[in-house]
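**Student:** the sequence and its predicted three-dimensional model are supplied below.
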Amino acid sequence: EDQVTQSPEALRLQEGESSSLNCSYTVSGLRGLFWYRQDPGKGPEFLFTLYSAGEEKEKERLKATLTKKESFLHITAPKPEDSATYLCAVQADAGGTSYGKLTFGQGTILTVHP
Amino acid sequence: DAGVTQSPTHLIKTRGQQVTLRCSPISGHKSVSWYQQVLGQGPQFIFQYYEKEERGRGNFPDRFSARQFPNYSSELNVNALLLGDSALYLCASSLPTSTDTQYFGPGTRLTVL
């Protein structure tokens, strides 16, 4: 069974204080690892997809990296508007079909204080 | 371009009732997936539909059912509601392509009293 564990559960940062969120996963053949941002009461907003170990992607103050067992979301010089829940999800390789179930972690609640 | 839309935004039902939630995917997307998100947890997969066919089902009871229409919109039905069905129900659409990136709608907040 696919499993995703995120740590820490909650993270409080001062504005400008860089840090990283962790996503550990076990999956029977990784098709893709996804990062989403979710604001309270809203749907998840897509950030990144990573496909293979060693891959990195960046968007503004966010950088996502992938190894064979975990992914990191690095936040550089965060601002209060970066406060949200960050969700990690994996999609298993279903043998070429379009079956695309995502298995999510519980999320990391990030709070950035001014 | 319009994103994924869901209706209604909020819904209050009582135990034992039935509910239907609706989803319209991004234009050009042919696959729709449904997820349940209980407060404080990550979304849990319920169903995926592609070209009106069920492609996958999560670990949910038969009280949950869904369908996809020729225009690729979708409905999620839940019968005999329980208090534990209270959650945010999310719809996601994807092309699908080999990337299978899923884009989520705003969700429907269901409260069961």
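**Tutor:** Thanks, I have it. Numbering: from 1, shown residues only, chains lettered A, B, ... in the order given.
**Student:** how about the contacts made by the residue positioned nearest the centre of chain B?
**Tutor:** Geometric centre of chain B, nearest residue: B:W34, 3.2 Å, by Cα atoms, centre = their mean. B:W34 sits next to B:23, B:45-48, B:66, B:74, B:76, B:89-92 when contact means Cβ atoms under 8 Å, 6 or more residues apart in numbering or on different chains. Where you see a C-beta, it was placed from the backbone N, CA and C, and this is true even at glycine.
**Student:** ok, so of these, who is nearest B:S7?
**Tutor:** B:C23 (8.2 Å; Cβ to Cβ).
**Student:** residues contacting that closest one?
**Tutor:** B:4-6, B:32, B:34, B:73-76, B:91, B:93, B:105.
**Student:** buried subset of the residues you listed?
**Tutor:** B:4, B:6, B:32, B:34, B:73-76, B:91, B:93, B:105 (16 or more other Cβ atoms under 10 Å in any protein chain shown).
**Student:** out of the residues you listed, which are inside strands?
**Tutor:** Mapping those onto strands (DSSP state E) picks out B:6, B:32, B:34, B:74-76, B:91, B:93.
**Student:** make TSV from the residues you listed and add pLDDT to it.
**Tutor:** Converted to TSV, those look like this (pLDDT from 0 to 100):
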residue	pLDDT
B:Q6	98
B:V32	94
B:W34	97
B:S74	97
B:E75	98
B:L76	98
B:C91	98
B:S93	95
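**Student:** residues in chain A within reach of chain B, list them.
**Tutor:** Contacts of chain A with chain B, taken as Cβ under 8 Å from any Cβ of the partner chain, map to A:4, A:31-32, A:34, A:36, A:41-46, A:49, A:87, A:89, A:91, A:97-107.
**Student:** which non-adjacent residue is nearest the residue of chain B found nearest chain A?
**Tutor:** Residue nearest to chain A within chain B (Cβ to the nearest Cβ): B:G42, separated by 3.2 Å. If the residues on either side of it in the chain are set aside, B:G42 comes closest to A:F104, at 3.2 Å by Cβ to Cβ, 6 or more residues apart in numbering or on different chains.
**Student:** count the neighbours of the one you found for me.
**Tutor:** 22 (other Cβ atoms under 10 Å in any protein chain shown).
**Student:** that one touches A:T85, doesn't it?
**Tutor:** No. The criterion here is Cβ atoms under 8 Å, and A:F104 misses it with A:T85 at 10.8 Å.
**Student:** paired strands for the lowest-mean-pLDDT helix or strand in chain B, with orientation please.
**Tutor:** None of the helices or strands of chain B scores lower by mean pLDDT, DSSP states H and E than strand B:53-57, at a mean of 89. Applying DSSP bridges to the sheet, strand B:53-57 is found paired with strand B:44-50 (antiparallel).
**Student:** so for the partner strand, mean pLDDT?
**Tutor:** If you average the pLDDT over strand B:44-50, you get 93.
**Student:** about what we covered before: list only those of the residues of chain A next to chain B flagged as buried.
**Tutor:** Neighbour-count burial (16+ other Cβ under 10 Å) applied to the residues of chain A next to chain B gives A:4, A:31-32, A:34, A:36, A:42-44, A:49, A:87, A:89, A:91, A:98-107.
**Student:** which of those residues fall within strands?
**Tutor:** A:4, A:31-32, A:34, A:36, A:49, A:87, A:89, A:91, A:102-104.
**Student:** pick out the most distant pair among those.
**Tutor:** A:R31 and A:L87 (17.2 Å).
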